[in-house]
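Q: Just the structure for this:
(4 chains)
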2 protein chains.
Amino acid sequence: MGTVGIREVAQRAGVSPGTVSNVLNRPERVAAATRARVEQAIRELGFVRNGSAATLRAGQSRAIGLVVLDVGNPFFVAVARGVEDVVSDRDHAVILCNSGESPEREGRNLRVLAEQRVRGVLITPTDEDLSRLDLLRQRGVAVVLVDHPATGDVCSVSVDDVAGGDLAVAHLLDRGARRLAYVTGPLAIRQCADRRKGARRALRTAGLPARALEDVVVPEMNASGGALAAEKLLAGDLPDAIFCANDLLALGVLRALSQAGVRVPEDVALIGYDDIEFSSAAAVPLSSIRQPTYQLGKIATELLLDECDAPAGHAHQQIMFQPELVIRESSR
Amino acid sequence: MGTVGIREVAQRAGVSPGTVSNVLNRPERVAAATRARVEQAIRELGFVRNGSAATLRAGQSRAIGLVVLDVGNPFFVAVARGVEDVVSDRDHAVILCNSGESPEREGRNLRVLAEQRVRGVLITPTDEDLSRLDLLRQRGVAVVLVDHPATGDVCSVSVDDVAGGDLAVAHLLDRGARRLAYVTGPLAIRQCADRRKGARRALRTAGLPARALEDVVVPEMNASGGALAAEKLLAGDLPDAIFCANDLLALGVLRALSQAGVRVPEDVALIGYDDIEFSSAAAVPLSSIRQPTYQLGKIATELLLDECDAPAGHAHQQIMFQPELVIRESSR
DNA sequence: GGGACGTGTTGACACGTTTTAATTCAGTCG
DNA sequence: CGACTGAATTAAAACGTGTCAACACGTCCC
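A: Numbers count the residues shown, from 1 in each chain, chains lettered A, B, ... in the order given. Next comes the predicted model:
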């Protein structure tokens, strides 16, 4: 059994290869009877179209690239779900790449995507240097930035982290807190800095001085980072309420406080960020800021495919979603 | 700027297209001076090799497919990490597909992979019907089953779930438990059934009757399923110890018990399965059964690529890993 | 009955790369 | 000095599909 191509199918159905191609790509242009004959031949021979030949001929593939910072992060998993749903609706495929926050890996990934001649790329960049993307954009590949606000000449979809920080702290203040702590990763990370900015805005709105919010910076944004932050807090006077830059940090804080005999929310109120699935299942269900992650992926993909389909009459858009406050036991 | 191909590079470097191809694929065969000239031309023109043309010519691409049941599941995320590390070491790419436990989506995914002419496929099948895979195997595409023990004519890599169940219950018995509960999802799921089988084996080994282990079956294997199970247990006489078929269930149980004033591990010991990241961060750190997920992905990929490289002298292997007991507070 | 028209179908070529056999050339040995 | 060797390079032939201009064949209208 040699490889069965469009030619063998054509021969078996008694038509020309061109007709088989039409059946595959524009079925409406071929007479019903002929089409039926071709489709039967396809089934009988177990023909599977050669995607690379199609891509080669067309100049671009029916695939888009998705480059994320960390496939293990629930945030990106949710985004990916949104992406995949749209993409499969529109009969495309998605090539998922993981940059692991390394610019070098990001570069490798982008090269592979360029070689594959993807139609477009969704990417959460590892840093502010967008020049790596020019390589693609020069070749006419559409690009949409995900969770990274852009300035002008490119589409972007993100969530308002300043508003999120504001929401969280306004809620804590509303609940009566007057001395707060902000547990965060490095402030060089845009998300951390923006959420802090929002938190301070909430303080101002409530007429409180900036020193009412103490920063606790830890190197790693996971549960052990949270435990470390809790240690620092326990060493001094405990604040009324704690705002954590993500849920993993908050869970670490929660556990360390519980072990030290501090009650949440009676002694200290606590709120996280991201609303990961596990937050509602924690020992004390965690209040959090929910981001429209699925929507993020969905809208970004629609934007991207629209740009691909009409590269001429396309105006770049910067879309920013608003996050949402989810109140649970930890700050009730 | 028209598309720049191998031809333009050749012209600029003053060589033939064949030489450029050699520089790309077998650099050692071309004289150092020529190579330098070609490489400079590549840089100057910003040439990016067209992967589809290469794939078309070669008959297969330098990519493998990975079809998982659920991209959101930490188990598969860890497997995917193992896969990607090996694959990128060997200079290949991985196309990640999500079947979402739906045989129909699985079929679509396999079709796309076939069209892309992948070299091989790693798959956790949605059901026992492996006929969908024949479509690929007939075309000479290597297949390795992941987390799904196979019988004979195909490679497989899995973890011994019976041994895992045995480990968990043996540990609980060792700790003094005499009346136990097994909180699980539908027993039609192979993993659930196998872990139960192992649990019963541990009972026999300890000389206890099967009725010492009560089954609590819930429809969903997540935290709310665990809460539901806990309700059922609280309605009767509490057992000494609870074995949960996965960590999310265990976390749900833990929370519901705590709310009811039951202390873990003093009143009831608790152990989960999978050892997901959150388990160690729970209010009461959770004992669990750890599976070598990363290894699973790594070995599966090596097996697959070996089969691809030497399709002739390849003997199918069925590899089964042993899980590992991780003891934490919840069963100390 | 002839021309215009529309629907289906065809044939040939192009897409960009890899590969194989052939060719060139400098150096070596008999 | 000619034949041979081996290394470096080349020319040409695929790979399988999509497209597009051309063509066949009825049908309708004047």
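Q: Starting from residue B:258, give me the distance back to the closest residue to chain B within chain A.
A: Closest contact between chain A and chain B, by Cβ to the nearest Cβ, is at residue A:283 (2.7 Å). Using the backbone N, CA and C atoms, a C-beta is placed for each residue, glycine as well. Between residue A:283 and residue B:258 the computed distance is 6 Å (Cβ to Cβ, to the nearest Å).
Q: residues in the stretch 51-200 of chain A within reach of DNA strand D, list them.
A: Counting by Cβ under 7 Å from any atom of the strand, the residues of the stretch 51-200 of chain A close to DNA strand D are A:53-54, A:56-58.
Q: residue boundaries of the helices in the stretch 101-250 of chain A?
A: A:103-115, A:131-138, A:161-174, A:190-205, A:223-235, A:247-259 (DSSP state H, counting those that start in this stretch).
Q: Any chance of TSV for these, columns distance to DNA strand C and mean pLDDT?
A: Formatted as TSV, the helices of the stretch 101-250 of chain A follow (distance: least, Cβ to the nearest atom of the strand, whole Å; pLDDT from 0 to 100):
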stretch	distance to DNA strand C	mean pLDDT
helix A:103-115	9	93
helix A:131-138	15	89
helix A:161-174	42	98
helix A:190-205	37	96
helix A:223-235	46	94
helix A:247-259	44	91
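Q: Can you tell me which of those is most buried?
A: Mean neighbours per residue, mean count of other Cβ atoms under 10 Å in any protein chain shown, is largest over these for helix A:247-259, with a mean of 25.
Q: Just checking the helix or strand encompassing residue A:96 against chain B, any contact.
A: Per DSSP states H and E: residue A:96 is located in strand A:93-98. Yes - using Cβ under 8 Å from any Cβ of the partner chain, strand A:93-98 reaches chain B at A:93, A:95-96, A:98.
Q: How about stretch A:129-143?
A: Yes - counting by Cβ under 8 Å from any Cβ, chain B is contacted by stretch A:129-143 at A:135, A:138-139.
Q: Quote the end-to-end distance of that stretch.
A: 14 Å (Cα to Cα, to the nearest Å).
Q: you'd agree residue A:233 is up against residue A:218?
A: No - with contact defined as Cβ atoms under 8 Å, residue A:233 does not count as touching residue A:218 (11.1 Å).
Q: Give me the local confidence score for the closest residue to DNA strand C within chain A.
A: With Cβ to the nearest atom of the strand, the shortest gap between chain A and DNA strand C falls at residue A:18, namely 2.9 Å. pLDDT, residue A:18: 96.
Q: quick one: contacts for residue A:117?
A: A:55, A:59-61, B:50-52 (Cβ atoms under 8 Å, 6 or more residues apart in numbering or on different chains).
Q: In ChimeraX, select just the buried ones from the residues you listed.
A: Entered in ChimeraX, the line below selects the buried ones among the contacts of residue A:117, by 16 or more other Cβ atoms under 10 Å in any protein chain shown:
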select /A:55,60,61 /B:50,51,52
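Q: Select, from the contacts of residue A:117, the two members most distant in space.
A: Farthest pair in the contacts of residue A:117 (Cβ to Cβ) is A:59 and B:51. Separation: 12.6 Å.
Q: Perfect, that will be all.
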